[in-house]
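Colleague: Just the structure for this:
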Amino acid sequence: MTNTSNAAVVEISKTANKFRSSIVLQYDNKFIDVKSILGLFTTLLDTGKYDLHVHGPDANEAKAAMSEVFAKHNLAINVIED
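Modeller: Residues are numbered from 1 along each chain as shown. Predicted structure coming up:
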């Protein structure tokens, strides 16, 4: 298992910070605040499969943008529809 590239982590965090919604990745029983660049650097792996939880006033836009940026970097996510 290898860590994702620095560029991917930075772009994911920057994209998440454009939104007011809470954006969290779940991996097993770990929850990662996607707006935290440090959290992403220490836990995001390019071989992991993550669930993306988005809650807030701009959740639909955030889900679409986050799906796009994760796909761009070949990272697998499952967007949770609550």
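Colleague: what separates the helix or strand bottoming out on mean pLDDT in the chain from the chain centre, distance-wise?
Modeller: Least confident helix or strand of the chain, by mean pLDDT, DSSP states H and E, is helix 37-43 with a mean of 86. In this view, helix 37-43 has its centroid 10 Å away from the chain centroid, taken as C-alpha atoms, centre = their mean, to the nearest Å.
Colleague: With stretch 65-76 instead?
Modeller: The chain centroid and the centroid of stretch 65-76 are separated by 8 Å under C-alpha atoms, centre = their mean.
Colleague: what does stretch 25-38 give?
Modeller: The chain centre lies 7 Å from the centre of stretch 25-38; the measure is C-alpha atoms, centre = their mean.
Colleague: Can you give the contact residues for it?
Modeller: Here stretch 25-38 makes contact (C-beta atoms under 8 Å, 6 or more residues apart in numbering) with 9-10, 12-13, 16-17, 22-24, 39-40, 43-44, 48-53, 66, 77, 80. Where C-beta positions appear, they are placed from N, C-alpha and C, glycine not excepted.
Colleague: Give the partner strands of the helix or strand just after the least confident helix or strand of the chain in its sheet and their orientations.
Modeller: Sequence order places strand 49-55 as the next helix or strand after helix 37-43, per DSSP states H and E. Applying DSSP bridges to the sheet, strand 49-55 is found paired with strand 22-27 (antiparallel), strand 76-79 (parallel).
Colleague: where does residue 44 land on pLDDT?
Modeller: pLDDT recorded at residue 44 is 78.
Colleague: That one reaches residue 9, doesn't it?
Modeller: Yes - judged on C-beta atoms under 8 Å, residue 44 makes contact with residue 9 at a distance of 6.3 Å.
Colleague: before we move on, the earlier item: please identify the buried residues of the least confident helix or strand of the chain?
Modeller: 37, 39-40, 43 (16 or more other C-beta atoms under 10 Å).
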